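In: Sequence and predicted structure, then a few things I'm wondering about:
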Amino acid sequence: MTALTRDSQSSLRRRWNSLDAREARLAWMLILPTALIVFGLVVFPAVFSIWISFRDVGLNNLNNVFSAPFVGLQNYRNVINDFAFKFQGMRSWGAAVTSIVYSFSATILTVAVGLVAALLLNRPFRGRGVTRAIFLFPYVAPIVSIAFVWRWILDPRPSGVLNDVLMGLGVIDLPKAYLATRGLALLLVIVFEAWRYFPFAMLMILARLQAVDKTLYEAADVDGANNWHKFRYVTIPELRYVLGAVFLLRLIWTFNKFDDIFLLTGGGFGTNVLPVLTYQFSFKSFNFGKGAANAMILLLILIVFLVLYVFFVMRNVEEE
């Protein structure tokens, strides 16, 4: 019995000191710092948000949040029934409908402008490199700086750039508050989103355009195709997967956007979306359970978009 125990310990010692075991320990040591960071900044906050969404958490019990009373789905019902969330008619869409309109409109416009820019930059001309660098400026510039530049341009006072120009041309008699006008404010936020992120779509589309086989266009020329026919029957089919990928990625990212709208309008005047509403529930009403429930609703919608992305884009790319 003692001999068997000694042999077992010797075998364990050999496995512990083997090359595979040492490599495995080294791998875990290298992964551990990143794993701790991911757990602390991603996994734990996500799980904690789900937990909070089923609890009554406010300023009164924030110092002892883990003992907050369980309320089940009450926070979710409060969010869905809140006037700021649900559709109230054409004069008040609510954050849910506004998020859908804003995300789809901004994404469609982003992809369309990116496609036009990519088609232009795909042609050889003098200064093309400089033009590409200029087109990238909205995407690489800090969001705070460009948001305040837009607010300065759209300033409601007579000193605002747009008001000054239009009044100087005689187009308007009095200054207008563009970002404080319901309907117009949402339109301007959509235009801002498309202007800021079209370079991303442009880069993805341009990369695919430069990989298209030139013999396809030569064959189209032989068949007598004009520019429209080549665009419709050659360019678009070659771009269909990258267009689908860019559209769904931008839709997911736009639906989850907080800083653009918050810096421009603060979510007021018909521009309130779900990410901004989460902030308002949590840090203005100090109802953290309700804010977490709103965030979980946003997460469920994003998961639907993610499933669509995997199903319609990634699967088709793999089949290609």
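Out: Arrived safely, thanks for sending.
In: When you work out contacts or count neighbours from here on, use the C-alpha atoms and nothing else.
Out: Will do.
In: quick one: the helices in the stretch 201-320 of the chain?
Out: Taking DSSP state H, counting those that start in this stretch, the helices of the stretch 201-320 of the chain run over residues 214-222, 227-230, 236-255, 259-264, 274-283, 288-309, 315-319.
In: can you list those helices in CSV and add mean neighbour count, distance to P124 and mean pLDDT?
Out: Below are the helices of the stretch 201-320 of the chain laid out as CSV (neighbours: other CA atoms under 10 Å; distance: least, CA to CA, whole Å; pLDDT from 0 to 100):
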stretch, mean neighbour count, distance to P124, mean pLDDT
helix 214-222, 13, 14, 83
helix 227-230, 13, 16, 84
helix 236-255, 19, 20, 88
helix 259-264, 19, 34, 90
helix 274-283, 21, 42, 90
helix 288-309, 19, 33, 87
helix 315-319, 9, 29, 56
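In: among these, which is nearest W152?
Out: helix 259-264 (10.3 Å; CA to CA).
In: Next, format the helices of the stretch 201-320 of the chain as JSON lines and append distance to I172.
Out: Below are the helices of the stretch 201-320 of the chain laid out as JSON lines (distance: least, CA to CA, whole Å):
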{"stretch": "helix 214-222", "distance to I172": "49"}
{"stretch": "helix 227-230", "distance to I172": "40"}
{"stretch": "helix 236-255", "distance to I172": "33"}
{"stretch": "helix 259-264", "distance to I172": "23"}
{"stretch": "helix 274-283", "distance to I172": "33"}
{"stretch": "helix 288-309", "distance to I172": "40"}
{"stretch": "helix 315-319", "distance to I172": "52"}
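In: Which among the ones you listed is found nearest to V149?
Out: helix 259-264 (9.9 Å).
In: Starting from W152, give me the distance back to F269.
Out: Going from F269 to W152 by CA to CA, to the nearest Å gives 18 Å.
In: Same question for R13.
Out: R13 sits 71 Å away from W152 when distances are taken as CA to CA.
In: Next: N78.
Out: 37 Å.
In: And for L166?
Out: Distance of L166 to W152, computed by CA to CA: 15 Å.
In: same question, Y178
Out: 11 Å.
In: show me where this protein has strands.
Out: Under the criterion DSSP state E, the chain carries no strands.
In: Poorly predicted segments of it, please.
Out: For the chain, the stretches with pLDDT under 70 are 1-12, 16, 88-91, 313-320.
In: Grab the longest helix from this protein for me.
Out: helix 94-121 (DSSP state H).
In: what distance separates it from the centre of its chain?
Out: 12 Å (CA atoms, centre = their mean, to the nearest Å).
In: for that helix, packing partners?
Out: Here helix 94-121 touches helix 128-135, helix 184-209, helix 236-255, helix 274-283, going by 3 or more CA pairs under 8 Å, 6 or more residues apart in numbering; DSSP states H and E.
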